[in-house]
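Participant: Return atomic coordinates for the entry below.
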Amino acid sequence: MTVLRIVPNLHTESVSDAEKFYREILDLDIVMDQGWVITYSSAASMHPQINIIASGSSQADPDISIEVDNLDEIYSRVKNSEFAVLYDLTLEPWGVRRFMVRDPLGKVINILQHE
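Facilitator: Coordinates of the predicted model:
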């Protein structure tokens, strides 16, 4: 057996609330819209992963980690938006640059780029 994809399901009262963040900040495309569920995606090839995080292990416990290839641009977009940065842009000792932001659904998003 092979896991082909892992999809987080984020619950909200209004699926359209996510568009400003996931489409405008992260440039994700809408690949399915059923009205009650909207799927955002990228054409990039990804490997399924799940992080298991001990509660209280960082300044904010992220709900999702999103790796990008343009971290500085995404960080700039977030800083110029109404979204709150919870953990400022940092180069971590393990070679990952990242920051955390709260999306419009209230989820903590860890946005990162490997050095």
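Participant: From here on, just use CA atoms for contacts and neighbour counts.
Facilitator: Fine.
Participant: Can you show me the strands along the protein?
Facilitator: Under the criterion DSSP state E, strands of the chain are mapped to 29-33, 38-41, 64-67, 85-91, 96-102, 108-114.
Participant: Switch these over to CSV; also include mean neighbour count.
Facilitator: Formatted as CSV, the strands of the chain follow (neighbours: other Cα atoms under 10 Å):
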stretch, mean neighbour count
strand 29-33, 12
strand 38-41, 15
strand 64-67, 15
strand 85-91, 15
strand 96-102, 21
strand 108-114, 20
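Participant: May I see those strands arranged in CSV, with mean pLDDT and distance to Ile6 as well?
Facilitator: Output for the strands of the chain, formatted as CSV (pLDDT from 0 to 100; distance: least, Cα to Cα, whole Å):
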stretch, mean pLDDT, distance to Ile6
strand 29-33, 94, 16
strand 38-41, 94, 12
strand 64-67, 93, 12
strand 85-91, 96, 25
strand 96-102, 96, 21
strand 108-114, 95, 16
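Participant: wait, which of these is closest to Met1?
Facilitator: Of all these, the one in closest proximity to Met1, counting by Cα to Cα, is strand 38-41 (23.9 Å).
Participant: Need the contact partners of the closest one.
Facilitator: Val15, Tyr22, Arg23, Leu28, Asp29, Ile30, Val31, Met32, Asp33 (Cα atoms under 8 Å, 6 or more residues apart in numbering).
Participant: show me what contacts the second one?
Facilitator: Tyr22 is in contact with Leu28, Tyr40, counting by Cα under 8 Å, 6+ apart.
Participant: How about the last one?
Facilitator: Contacts for Asp33 (Cα under 8 Å, 6+ apart) come out as Thr39.
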